[in-house]
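> just the structure for this:
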Amino acid sequence: MRVQRLPQAQTPDELTARLEDWIKTWNDQARPFRCTGATPHSSVGRRRAGDQSEVRSGDWRDPDAGAVNFGEYALRWVEERGLAATTDELYRRLLRLHILPTSGGVDLDKITPPGIRTWRTERLKVTKAPTTVAKSYRLLKAIMETAVDDELIRRNPCRIKGAGKESAEERPTATVAQVDALADAMAAPAADGPHRRVRSLSARGTGSHATV
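Now for the predicted structure:
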């Protein structure tokens, strides 16, 4: 608050009147800081001034809005989706096995990007199942995105690029010896034995999977 210089006065009465006006102006400007003992330049005062600015701009959020238990919120999130039975079972299993053991007792606003990275790294090491971890990450990200929409948190803490993508594992290909053994077994005295052997050898040459 800028300190105002008291104007010059000609008479005692005029001086008193101007002094009273100045005191009233100072009290009006300082009133928002009196209840907590804060001053305009203290950290509390600056925070309160920032809150007032956000209220005027429509950006203010209740600082306690995110004090919601994640486990309860996540289970309610699943219930409200109206999912097919198989999807509902999948989401509940992912929560039970991979997400809630770490975050079930934590409030939404306590889940942070570093915490998400640590959780994902631990899941990959323990499960050796990147596809399952990717599914779990996508579910967690969707739940937290709803929390953003509900104005419980400001930003989604799930910000790992590509963490939700599933990479299909390469299917094993039969070796030359395995294909030869399979072709010999299929060349038993059956009516179409030779034709089966031709198909098997053809599969070996093209790199496709041999079929019986």
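
> how close does Y91 get to T132?
13 Å (CB to CB, to the nearest Å). The C-beta positions use only the backbone N, C-alpha and C, and glycine is treated the same way.

> of the two, which one has the most company?
Per other CB atoms under 10 Å, whichever of Y91 and T132 has more neighbours is Y91, with 22 against 17.

> wait, what's in contact with the more buried one?
For Y91, the contact set (CB atoms under 8 Å, 6 or more residues apart in numbering) comprises 78, 81, 83, 139.

> hmm, which of those residues are the buried ones?
Buried residues within these, counting neighbours by 16 or more other CB atoms under 10 Å: 78, 139.

> using TSV, please lay out the contacts of Y91 together with secondary structure.
Listed next are those as TSV, based on DSSP: H, G, I helix; E, B strand; the rest coil:
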residue	secondary structure
V78	helix
R81	coil
L83	coil
L139	helix
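
> what sits up against stretch 64-72?
With CB under 8 Å, 6+ apart as the contact definition, stretch 64-72 has outside contacts at 100, 103-111, 143, 147, 151-153.

> let's go with 6 Å and repeat that
Residues outside stretch 64-72 that contact it (CB atoms under 6 Å, 6 or more residues apart in numbering): 100, 103-104, 106-109, 152-153.

> closest one to K128 out of the residues you listed, please.
Closest approach to K128 among the contacts of stretch 64-72 (CB to CB): L100, at 20.4 Å.

> residues touching the closest one, list them.
The contact partners of L100, by CB under 6 Å, 6+ apart, come to G71.

> pretty sure it is in a helix, no?
Yes: under three-state DSSP, L100 falls within a helix.

> now it: how far from W119?
For L100 relative to W119 (CB to CB), the value is 11 Å.

> right, I'll call it a day here.
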